[in-house]
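Visitor: could you work out the structure for the sequence below:
(one chain, ligands or ions: 2)
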Amino acid sequence: MNAAYRFDDWDSPAQTATPPSPVVNAESVTPSPAEAVAPVASERSSPLPGAAMAAVNAADKRIVNGKADINQLAPFKYPWAWEFFLKANRNHWTPLEISMAQDVHDYHHKLSPAERHVFENVLAYLTTSDILAMRNIGLAVMEKMSAPELQIYQARQVYEEALHTWTYQHCIESIGLDQQEIYNRYRVVPEIHGKIALANRRLERVMRADFDLTDRANLHEFALSYFFFAVIFEGCWFYNGFTPIFALQRRGLMKGAAEQLQYIMRDEVLHCAFGIRVVRELLKEEGLTLDPQALRELWDEAEAAERAYAGYILREPILGYNAELHVQQFRFVANRRARQVGVAEPFPGAENVLPWLDEQANLRKEKNFFETRVTEYQTGGALAWD
Ligand SMILES: [Fe+2]
Ligand SMILES: [Fe+2]
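Guide: Numbering: from 1, shown residues only. Ligands and ions are numbered 1, 2, ... in the order given. Okay, here's the model as predicted:
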């Protein structure tokens, strides 16, 4: 028995009797010759290294390329980012709190083949998307932010993306779907793969740690990539992506999964709002304007990918929902996001064909209608989009 590896019992005698590996005690370690070298010059000159460093001024902070101490939280230059962090922490849940029992019955006995096709493929897309989102924020965006209040919210965001992945896995497992098949579906269905491939292409270069943001062309590419991620990937594709399952929920089907998605959507609304704020501040600080032609290409390829995806998941319409409604709603939400960033609407005249979707995003409303559990977010009324 290898009791020494237990991590829930720090006083276990086994742990002290047979240490599993050379566990070091910082106070008792004798430095190796290589570590026992003389201190660096700055340490030699003062008994308190760094004691003479200048105070941090909020005005010195920048979204990227800042020189202010990244380990010092305040004074804040972006107090709104700290508020996002506090707000996000009032939105806590786990997928285990929501019953999936009725969903198991619905999936096997009530959904039509077309509805099962929609449900499975939405999950297949979302689960891959959320891992991509987690990696993009955690590995590419966060390390390029040079103010800690921005990074702290993004650390929370990374956790939430992982929580979302857990949620999809919980749905897939509870309903008894074939995991091997579902998780591989994005690789074999071109219409699902298309959106993931587009996102990878748009985010790949800026994910590199050596991507030099002092170069103006790179800075523009970074802003455009972050715009793509926050505005389109999270703000349109995710926002719109839950809708087919909400359409089932409105008919009393798959209500557990739909409620899980409502909680995820609530997070995504914050992620999108935060990302839009960062993009706006970045453009202002750096005196940058997003190239209209580059934006046009971005919108067009995003719409084409969404149209192909909708054509696949809704190859047969379901009651109250079809591919054309899905695409129209994408165009309407895209216009809203563009206004929030302060760029031209990409699809002038697009109509709000699914007015109930915003109610769904706000979660606190229509509780009786959807017959979901009583628990509500504390911050349900905090967001107004228009
Ligand atoms: Fe997410
Ligand atoms: Fe997100």
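Visitor: got a list of what the closest residue to R208 other than its chain neighbours touches?
Guide: Leaving out its chain neighbours, the residue that sits closest to R208 by CB to CB, 6 or more residues apart in numbering is A140, at 8.0 Å. Bear in mind the C-beta positions are built from the backbone N, C-alpha and C, glycine included. Contacts of A140 were listed using CB atoms under 8 Å, 6 or more residues apart in numbering, and they are L203, V206, M207, R208.
Visitor: mind redoing it with 10 Å?
Guide: L203, E204, R205, V206, M207, R208, A209, F211, F222, S225, Y226, F229 (CB atoms under 10 Å, 6 or more residues apart in numbering).
Visitor: test my guess that D300 contacts P346.
Guide: Yes: using CB atoms under 10 Å as the test, D300 is close enough to P346 to be in contact (8.1 Å).
Visitor: neighbour count winner among these two?
Guide: The neighbour comparison of D300 against P346 (other CB atoms under 10 Å) goes to P346, with 19 against 11.
Visitor: from Y168, how far out is the closest residue to T214 other than its chain neighbours?
Guide: Nearest non-adjacent residue to T214, counting by CB to CB, 6+ apart: N65, 6.1 Å away. Distance, N65 to Y168, by CB to CB, to the nearest Å: 36 Å.
Visitor: ok, those two, which is more surrounded?
Guide: Higher neighbour count among N65 and Y168: Y168, with 26 against 13, using other CB under 10 Å.
Visitor: re earlier: do I have it right that the residue nearest to T214 meets F211?
Guide: No: if you go by CB under 10 Å, N65 and F211 don't touch, sitting 11.9 Å apart.
Visitor: what do those two both touch?
Guide: In contact with both N65 and F211: K144, L219, using CB under 10 Å, 6+ apart.
Visitor: off-centre distance for stretch 231-244?
Guide: Computed by CA atoms, centre = their mean, to the nearest Å, the chain-centroid distance of stretch 231-244 equals 11 Å.
Visitor: and for stretch 123-133?
Guide: 10 Å.
Visitor: ok, stretch 197-211 next?
Guide: For stretch 197-211, the distance to the chain centre is 16 Å (CA atoms, centre = their mean).
Visitor: ok, residues contacting that stretch?
Guide: 128-129, 132-133, 135-136, 139-141, 143-144, 186, 190, 193, 213, 218-219, 221-229, 232-233, 237, 298, 301-302, 304-306.
Visitor: rerun at 8 Å
Guide: 129, 132, 135-136, 139-141, 143-144, 218, 221-222, 225-226, 228-229, 233, 298, 301-302, 305.
Visitor: what does stretch 222-235 give?
Guide: The contact list for stretch 222-235, computed with CB under 8 Å, 6+ apart, reads 64, 129, 133, 136, 141, 144, 199, 202-203, 205-206, 211, 213, 268, 271-272, 274-276, 278-279, 282-283, 286, 288, 290-291, 294-295, 298-299, 302, 333-334, 337-338, 340-341.
Visitor: now which of those would you call buried?
Guide: For the contacts of stretch 222-235, a burial check counting by 16 or more other CB atoms under 10 Å picks out 64, 129, 133, 136, 141, 144, 199, 202-203, 206, 211, 213, 268, 271-272, 274-276, 278-279, 282-283, 286, 288, 290, 295, 298-299, 302, 333-334, 337-338, 340-341.
Visitor: so where's the stretch 101-250 of the chain shaky on pLDDT?
Guide: Regions of the stretch 101-250 of the chain meeting the criterion pLDDT under 70 are absent.
Visitor: ok, the residue nearest to R208 to V158 distance?
Guide: Using CB to CB, we find A140 at a distance of 11 Å from V158.
Visitor: enumerate the residues of the chain near ligand 1.
Guide: With CB under 5 Å from the ion as the criterion, the chain meets ligand 1 at residues D130, E161, H164.
Visitor: narrow these to those in strands?
Guide: Among these, no residue falls in strands (DSSP state E).
Visitor: closest to ligand 2 out of these?
Guide: Among the residues of the chain next to ligand 1, E161 lies closest to ligand 2 (CB to the ion), at 5.5 Å.
Visitor: show me what contacts that closest one?
Guide: Contact partners of E161, counting by CB under 8 Å, 6+ apart, are D130, I131, A133, M134, I137.
Visitor: mind running it again at 6 Å?
Guide: The neighbours of E161, taking CB atoms under 6 Å, 6 or more residues apart in numbering as the test, are D130, A133, M134.
Visitor: in a helix, the second one, correct?
Guide: Which is A133. Yes: A133: assigned to a helix according to DSSP: H, G, I helix; E, B strand; the rest coil.
Visitor: residues touching it, list them.
Guide: Taking CB under 6 Å, 6+ apart, we find A133 in contact with E161.
Visitor: could you measure from it over to Y183?
Guide: As judged by CB to CB, A133 and Y183 stand 16 Å apart.
Visitor: before we move on, back to that, which SS state does the residue nearest to T214 fall under?
Guide: From three-state DSSP, the assignment for N65 is coil.
Visitor: how much space between it and ligand 1?
Guide: Counting by CB to the ion, to the nearest Å, the gap from N65 to ligand 1 is 28 Å.
Visitor: from this protein, which residue is nearest to ligand 2?
Guide: Counting by CB to the ion, the chain gets nearest to ligand 2 through H271 (3.7 Å).
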